[in-house]
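K.L.:
the sequence and its predicted three-dimensional model are supplied below.
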Amino acid sequence: MSKKLLYAAQMTAFDKDGNINLDGIRALVRYNIDVNKVDGLYVCGSTGEAFMLNTDEKKQVMKTVYDEANGAIDLVAQVGSLNLKEAKELAKFATDLGYPKLSAVTPFYYNFTFEQIKDYYNEILKDVDNKLLIYSIPALTGVALTTDQFAELFENPKIIGIKYTNADFYLLERVRNAFPDKLILSGFDEMLLPALALNVDGCIGSTYNLNAPRVREEMDAFDAGDIDKARQLQNISNDMITDLIANDIYPTLKLVMKHMGVDAGYVKKPMSHPTPEMEAGAKAIYEKYFKN
Ligand SMILES: CC(=O)N[C@H](C=O)[C@@H](O)[C@H](O)[C@H](O)CO
Ligand SMILES: CC(=O)C(=O)O
């Protein structure tokens, strides 16, 4: 049985005014490699607040992460954008840098038809020699692809898998069995164990920036057939994720990181800057789940 893959969704550090902080980004990457020992990073996704960045900022983030990782781990550049020209430009930029994989969110906001979505993916990949994971997150995009639609997208051989951020386990079972050779990575950290039960290849998530060691232990327990242990670990993780969400997850991820010795700076507005109550909540999360 091959080992499950653990990817952190890379955060982007900002200063108080919303400018990207490259030193903070480097420190986060180092922590993910040296302490979390992740297999890879998902760069410029939701957790990276990338849908609030301009093209040049996205390029700077991709370059800084690539540079700091220095070939030590796998890297996935999320290039999807409602501006297809930007998506293409980023796909070329990340590929030229050396990113071994791309990903693109399904185009959102306008109710695009499936034909339009298919054109979008094929267009992004047309001029680049790279592989791509479909980023499926229906709760935020409103786009829920079916098994048949995934099959049509997979007709493009450059499309190698799915980042599956969806609570629909019926669909996950259908998709996993329809495409045994595709890379399927689970995107809801709080639903990892049921996704493992359906034989996903691993996971990508925001909370792994903090919680990767516990999650590695859970996946190893699962691989070893120790489901009770995996369930206990998922239970602790889910208490932690429930507390993170109640405290406002994006700024709180960064606040807890700071307790771990990594200054990840601020989130970007319109996300919220921390209040004293949020700071106290983050300290409590750190002490309860991470201080040893
Ligand atoms: C929108 C978003 O951030 N999704 C992440 C990955 O897809 C997850 O890692 C969640 O943050 C996490 O599962 C908490 O709900
Ligand atoms: C996995 C996730 O949270 C992201 O899109 O960044």
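P.N.:
Sure thing, it's come through. Ligands and ions are numbered 1, 2, ... in the order given.
K.L.:
just for the stretch 1-150 of the chain, where's the confidence low?
P.N.:
1-2 (pLDDT under 70).
K.L.:
quick one: name the residues of it near ligand 2.
P.N.:
Residues of the stretch 1-150 of the chain that fall close to ligand 2, judged by CB under 6 Å from any ligand atom: 9, 42, 45, 46, 47, 48. Backbone N, C-alpha and C define where each C-beta goes, glycine included.
K.L.:
farthest-separated two in these?
P.N.:
Across these, the two members that end up farthest from each other (CB to CB) are 42 and 46, 9.3 Å apart.
K.L.:
of these two, which one has the most company?
P.N.:
Between residue 42 and residue 46, counted using other CB atoms under 10 Å, residue 42 has the larger neighbour count: 29 against 18.
K.L.:
gap between whichever residue of the stretch 1-150 of the chain sits closest to ligand 1 and residue 104?
P.N.:
Scanning the stretch 1-150 of the chain for the residue nearest ligand 1 gives residue 46, at 4.0 Å (criterion: CB to the nearest ligand atom). Separation of residue 46 from residue 104 (CB to CB, to the nearest Å): 13 Å.
K.L.:
which strands or helices does the helix or strand harbouring residue 103 pack on?
P.N.:
If you go by DSSP states H and E, residue 103 is part of strand 101-105. For strand 101-105, the packing partners by 3 or more CB pairs under 8 Å, 6 or more residues apart in numbering; DSSP states H and E come out as strand 74-78, helix 84-97, helix 114-126, strand 132-136.
K.L.:
most tightly packed of the ones you listed?
P.N.:
strand 74-78 (a mean of 26; mean count of other CB atoms under 10 Å).
K.L.:
ok, which stretches of the protein are strands?
P.N.:
5-9, 40-43, 74-78, 101-105, 132-136, 159-164, 183-186, 202-205 (DSSP state E).
K.L.:
how about the stretch 51-200 of the chain: which residue is closest to ligand 2?
P.N.:
residue 187 (5.2 Å).
K.L.:
which residues does stretch 212-223 contact?
P.N.:
1, 3-4, 6, 8, 32, 35-38, 189, 192-193, 196, 202-203, 208, 227, 229-230, 233-234, 236-237 (CB atoms under 8 Å, 6 or more residues apart in numbering).
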